[in-house]
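Peer 1: sharing a model prediction with you, sequence too.
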There are 6 protein chains.
Amino acid sequence: MRIVVMNCNTSAAMTEAIGAQARAAARPETQISALQPLWGPESAEGYYDSFVTAAAVLDRLHTVGFPFDALVMAGFGEHGREGARELLEVPVVDITEAAAQVAMLLGRSYGVVTTLARAVGQIEDSLRVAGLLDRCAGIVAADLGVLELEGGAAVDAVLAAAVRVLERGAEVLVLGCAGMAALAEAVAERVDVPVVDGVAAAVKLAESLVDLGLATSKRGSYAPPREKRRPGWPISGA
Amino acid sequence: MRIVVMNCNTSAAMTEAIGAQARAAARPETQISALQPLWGPESAEGYYDSFVTAAAVLDRLHTVGFPFDALVMAGFGEHGREGARELLEVPVVDITEAAAQVAMLLGRSYGVVTTLARAVGQIEDSLRVAGLLDRCAGIVAADLGVLELEGGAAVDAVLAAAVRVLERGAEVLVLGCAGMAALAEAVAERVDVPVVDGVAAAVKLAESLVDLGLATSKRGSYAPPREKRRPGWPISGA
Amino acid sequence: MRIVVMNCNTSAAMTEAIGAQARAAARPETQISALQPLWGPESAEGYYDSFVTAAAVLDRLHTVGFPFDALVMAGFGEHGREGARELLEVPVVDITEAAAQVAMLLGRSYGVVTTLARAVGQIEDSLRVAGLLDRCAGIVAADLGVLELEGGAAVDAVLAAAVRVLERGAEVLVLGCAGMAALAEAVAERVDVPVVDGVAAAVKLAESLVDLGLATSKRGSYAPPREKRRPGWPISGA
Amino acid sequence: MRIVVMNCNTSAAMTEAIGAQARAAARPETQISALQPLWGPESAEGYYDSFVTAAAVLDRLHTVGFPFDALVMAGFGEHGREGARELLEVPVVDITEAAAQVAMLLGRSYGVVTTLARAVGQIEDSLRVAGLLDRCAGIVAADLGVLELEGGAAVDAVLAAAVRVLERGAEVLVLGCAGMAALAEAVAERVDVPVVDGVAAAVKLAESLVDLGLATSKRGSYAPPREKRRPGWPISGA
Amino acid sequence: MRIVVMNCNTSAAMTEAIGAQARAAARPETQISALQPLWGPESAEGYYDSFVTAAAVLDRLHTVGFPFDALVMAGFGEHGREGARELLEVPVVDITEAAAQVAMLLGRSYGVVTTLARAVGQIEDSLRVAGLLDRCAGIVAADLGVLELEGGAAVDAVLAAAVRVLERGAEVLVLGCAGMAALAEAVAERVDVPVVDGVAAAVKLAESLVDLGLATSKRGSYAPPREKRRPGWPISGA
Amino acid sequence: MRIVVMNCNTSAAMTEAIGAQARAAARPETQISALQPLWGPESAEGYYDSFVTAAAVLDRLHTVGFPFDALVMAGFGEHGREGARELLEVPVVDITEAAAQVAMLLGRSYGVVTTLARAVGQIEDSLRVAGLLDRCAGIVAADLGVLELEGGAAVDAVLAAAVRVLERGAEVLVLGCAGMAALAEAVAERVDVPVVDGVAAAVKLAESLVDLGLATSKRGSYAPPREKRRPGWPISGA
């Protein structure tokens, strides 16, 4: 099967890293295509960026150019997943939802470590709307920008945030940014709880849905977009 | 003071109608500028359209070209309000929030009549994220498209939906689409509860916030967007 | 238009201060009549006082003696608003609700600073019943009596409480006592978030409702009181 | 022990009936003193009446004139219980809370049958504030005034409402008005679920608290009223 | 009347202590029979033990061998209460529910002190499922095993945990383990809030239900177990 | 990898069917071992049965006799999952949780069709405790016993229940009984929404967790059972 893993920002380095993380999680026979929008912010940090990336991702979906079996949306806490579910026939798995679901199978409560304090509320809303907030013990920021997630200092900052969320009762740790995947191993070595990376989790859930022959419900909320005039859209002219 | 009332879709007729509705509600000395995005769907009906309009509205805000004192976002249940709050210094009032708030001052519970069944979940999420869902007795669709909201048949359909939501205990009626403003009077004449139009409500709240000298908090969630590269954005090249 | 601003206690000094605060917020053409009950506690601090003032305010409404267009109930977290909505035809705006609503338009979450620790639970219940608690980040007491809200020490105590509630994630500050209005400016100068005074907020919302031609729903919860014998009531013999 | 059972309205007939119901539930050695306020509505039907009775009950408590061991507040869904808890040292049991608690021990969910539709929201709020709403399957009105609760037609109306709330999944029936006690037996004979009368339930819980030597916590919300001037209060001049 | 008080573990010393505590709370004419399962853990500490004790208690109920009027289930936060309600005709009172209910009559919020940190989540779930979590200010572990609850060090550990939960706003203290009953007096002497022991509370509620002539609803969730083959069950061969 | 799929009841036919369903969902290289308890009810229908099966399943886990990589607990809405998580090192996936999680990835809300009305509350509690209830639109009983789930009449009954839950807004259908797996295909052909069988879903999630190298958190709630005396346990003497 072929899974499109869509980075929400326009950082090619991050797209590459996400793709590698996805491939490491996927089964050998699963083909991973890591894509990114054709325009928009090089990192999504806050609501403004998030809404821009949501549209940029939807725009990008019009020009994929090859068939695929599932979409992984690799922006933690970012908007747009419901729009992709409307647009596509294939299953759509958001890394926010995937990480929370996997975490909830491993412990009674989970905690999220994210990048900037400004993202905390947005992630909380993303989980609330997904119906997955009840067992979240907390969301704590490491005070790192999305593009600063490299090296030992980043690991230390993430670990410090992890300690705070474990103190609030979290029994599983969720890395709340697609760009944190590279830190997962280093973090996991230094905490005594399972560490869940959303990209890896989402790839496995996407494979599972395809295996089960299940796709997005087209009854109700995710019915296909209505036919209508949308001048100037999609931006990429597909 | 000058208030920008932003239609979320590209229907010029609806922008005009929303502007008229806003002017009717505004104080004489308030200047209303009704704008619409430069691209995007001619009506927002579902998540896909909603996320496109969210970005289109944010894009449009970059090219307003004159100072203003408050923004009214005139898409009922549509996404993007938090992004505008990040981007702007002036207060931002979403008609979804405004309508619910005004309704909650008038009755113990309110009900929403909207256009299509597919919008029900999206509106529910919009109210939940805004923290205004607790006293919502129900959201009922009139099964009309956004661009079909004219004439006696539309009034009848809205009334039928109104009856259903009143039966669920609603004590105030909220018209859940900016395009329903023109029907407000006709509906109000035929139900025994207050009828709240979001555009009018939002204009009054925007005036109130400006009068009070209050603007969006820049601490936390709505801090200004970070400086960064956003290739190809804004679309309109501002 | 004429708005009655009803202090809930019998402190003439506080009634005067509330009236001044209301006038400062009102439009020039709005006439503010600041009233107080004819009996009852000189300050409302706790449930016992709150229930006494609720009845005293309802009693006072029977003897206003002139027509008015809206009622502002100026007791933060105090009981009685639903009773006034039953009794009157005109809109009723409670400062608790008004402050929370305005705050929710300005930030993703708000915090309340109140007087005594014993009031915290009561305010929480008032917001819960109003359906406005979801985005409240906390309610913190300054440990000041209602009649001690003057001078630099009071400002310091309120600021200390403000710091605590901001640490819990509040992005907007609500002054949780009508008597704090005089401190609003001094507090606002020293915190980096919007500061909302309920009296000012309520006056603007009351003006808005009157402008919109909206009044309390008489269907359901706030239907007029039934005709019946009420021996000895109203106390003031109206 | 001596328990004061306080009717919230000024109907002597209802006070007598409530007293009889309390005595039937009490242990032989428990002395029941059924009291009523010295002023106020002859029945509490809606928020306006409810707030008047809350103060009237608090006023009455100042003139009891004999020692007692517990107070039962016999107004279903009526305000004031927290004020009495502040004022008194002895335990205070509200029939709303007592009925819900007893019902929750008997079935997974309970339903309330009350008098008028206007009371439904008020009862819901009373249960919500008491933290007892989660397992309430519904509150249904029999469309009877408080003073019409007699005879076969009343039983029929209550039964019809009972059927509706059982259809919503209630497994226990709560009679949501102190005046319904006389109908309890007739109703219980015709439904296949336990029927809980709040007055009886409250008397047993009051006896239990006295037996256990437990009284209201004076730490926090229910600390004694502060010393202060309360001109004209209590009304009865005690 | 005769009440069976069922310890959930196989510690005879604890069964004896629970029986004594129950007798101290019961009315003189109430006969208390303290029983324990015929197999299973000598203390219940965690989910694994809890589910074993749930079955062991149900098994034991098949061999009681004498009639009784009510069952008290004396495992705080342990599973099984709903199963006993299905099996028996008489009322079943769980000490978790009883303690929370009594506490909620005495203060606006309550806190639980329990034994081990691992029990916190389980108790929270027990209260949530019972619909009694809303007014719980916190559950704090004293870090003592169930069989270590004796002596001054145990009192100190419980007091330290009590202080923490009072700091979170609890106004009443619930002892969250049947084995803590012996410490109740010593703890109560050193905190300024009411201290509720679940066994005592449950005995009083059981007496109350029997007095009221009320038994478990057999409509819906607690209908009698269906006739069927259950090979090897009950274990004790009754 | 090897996955143990544990039927909760002692019906060998159902164990076989569950095993077949699991194998159909598993990857070719995954080995499925379908087991059942050594004692207990031949079907779990209600709380009493559920608690017996919880212990019987835990007992059975002591005598598996071969290593395995994950456990699937195949009792929909039944108790015990948290106990298994304590006992085992490998991941434990409950079909209730798995079905709800998969359904939530496919639609904005899901509905459950179960067997008997008495199970509705128990399933609701199972989902609530798992933190997965928010997006459940309803749980509807087909009024069939667990052992009657065969043939056309069963399909019709399940479909009738499905229609009811879809009318409440469900966008995905969850089959709320392990024994319904055989009906999944026939049901799916006749409704226009995805149909999720919990056994299949759980097998995929179990494979995913094993692939990801994730196991149950041993910090907090699911720490291993403490060493202690458990006379007579495990029943099977392992």
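Peer 2: Ah, there it is.

Peer 1: all contacts plus neighbour counts: C-alpha atoms, from now on.
Peer 2: Noted.

Peer 1: need the longest helix for chain A.
Peer 2: When secondary structure is assigned using DSSP state H, the longest helix within chain A turns out to be helix A:151-167.

Peer 1: A:Gly75 falls within a strand, correct?
Peer 2: No. In this structure, A:Gly75 is coil, not part of a strand, as judged by DSSP: H, G, I helix; E, B strand; the rest coil.

Peer 1: how near is it to chain C?
Peer 2: Here A:Gly75 is placed at a distance of 21 Å from chain C (C-alpha to the nearest C-alpha, to the nearest Å).

Peer 1: how close does that residue sit to chain D?
Peer 2: From A:Gly75 across to chain D, the span is 35 Å (C-alpha to the nearest C-alpha).

Peer 1: so what's that residue up against?
Peer 2: With contacts taken as C-alpha atoms under 8 Å, 6 or more residues apart in numbering or on different chains, A:Gly75 has the following neighbours: A:Asn7, A:Cys8, A:Ala44, A:Asp94, A:Ile95, A:Thr96, A:Cys177, A:Ala178.

Peer 1: ok, for the fifth one, nearest residue in space, not its chain neighbours?
Peer 2: I take that to be A:Ile95. The shortest distance from A:Ile95 to any residue other than its chain neighbours is 4.5 Å, reached at A:Gly198 (C-alpha to C-alpha, 6 or more residues apart in numbering or on different chains).

Peer 1: do the same with A:Gly40
Peer 2: The spatially closest residue to A:Gly40, leaving aside those adjacent along the chain, is B:Arg230, at 4.8 Å (C-alpha to C-alpha, 6+ apart).

Peer 1: same deal with A:Ala215?
Peer 2: Looking at A:Ala215 with C-alpha to C-alpha, 6+ apart, the closest residue is A:Pro91, at 4.8 Å.

Peer 1: test my guess that the one you found contacts A:Asp69.
Peer 2: Yes. In terms of C-alpha atoms under 8 Å, A:Pro91 counts as a neighbour of A:Asp69; the distance is 7.3 Å.

Peer 1: the more surrounded of these two?
Peer 2: A:Pro91 (25 against 18; other C-alpha atoms under 10 Å in any protein chain shown).

Peer 1: in contact with that one, which residues?
Peer 2: Listed by C-alpha under 8 Å, 6+ apart, the contact partners of A:Pro91 are A:Asp69, A:Ala70, A:Leu71, A:Arg85, A:Ala206, A:Leu209, A:Val210, A:Leu214, A:Ala215, A:Thr216, F:Leu105, F:Leu106.

Peer 1: switch those over to TSV; also include pLDDT, secondary structure and distance to A:Ile123.
Peer 2: TSV is the format used below for these (pLDDT from 0 to 100; DSSP: H, G, I helix; E, B strand; the rest coil; distance: C-alpha to C-alpha, whole Å):
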residue	pLDDT	secondary structure	distance to A:Ile123
A:Asp69	98	coil	27
A:Ala70	98	strand	23
A:Leu71	98	strand	20
A:Arg85	98	helix	19
A:Ala206	98	helix	21
A:Leu209	98	helix	24
A:Val210	98	helix	27
A:Leu214	97	coil	27
A:Ala215	97	coil	25
A:Thr216	98	coil	23
F:Leu105	98	helix	17
F:Leu106	98	helix	20
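
Peer 1: switch those residues over to JSON lines; also include distance to E:Arg164.
Peer 2: Formatted as JSON lines, the entries for the contacts of A:Pro91 read as follows, by distance: C-alpha to C-alpha, whole Å:
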{"residue": "A:Asp69", "distance to E:Arg164": "52"}
{"residue": "A:Ala70", "distance to E:Arg164": "49"}
{"residue": "A:Leu71", "distance to E:Arg164": "47"}
{"residue": "A:Arg85", "distance to E:Arg164": "46"}
{"residue": "A:Ala206", "distance to E:Arg164": "44"}
{"residue": "A:Leu209", "distance to E:Arg164": "46"}
{"residue": "A:Val210", "distance to E:Arg164": "49"}
{"residue": "A:Leu214", "distance to E:Arg164": "49"}
{"residue": "A:Ala215", "distance to E:Arg164": "49"}
{"residue": "A:Thr216", "distance to E:Arg164": "47"}
{"residue": "F:Leu105", "distance to E:Arg164": "40"}
{"residue": "F:Leu106", "distance to E:Arg164": "43"}
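
Peer 1: that older thread, quick one: the residue nearest to A:Ile95 and A:Ala103 touch, right?
Peer 2: No. Using C-alpha under 8 Å, A:Gly198 is not in contact with A:Ala103; the gap is 9.7 Å.

Peer 1: overlap of the contact sets of the two?
Peer 2: Contact criterion C-alpha under 8 Å, 6+ apart; residues shared by A:Gly198 and A:Ala103: A:Val174.

Peer 1: more crowded one of those two?
Peer 2: More crowded of A:Gly198 and A:Ala103, by other C-alpha under 10 Å: A:Gly198, with 34 against 31.
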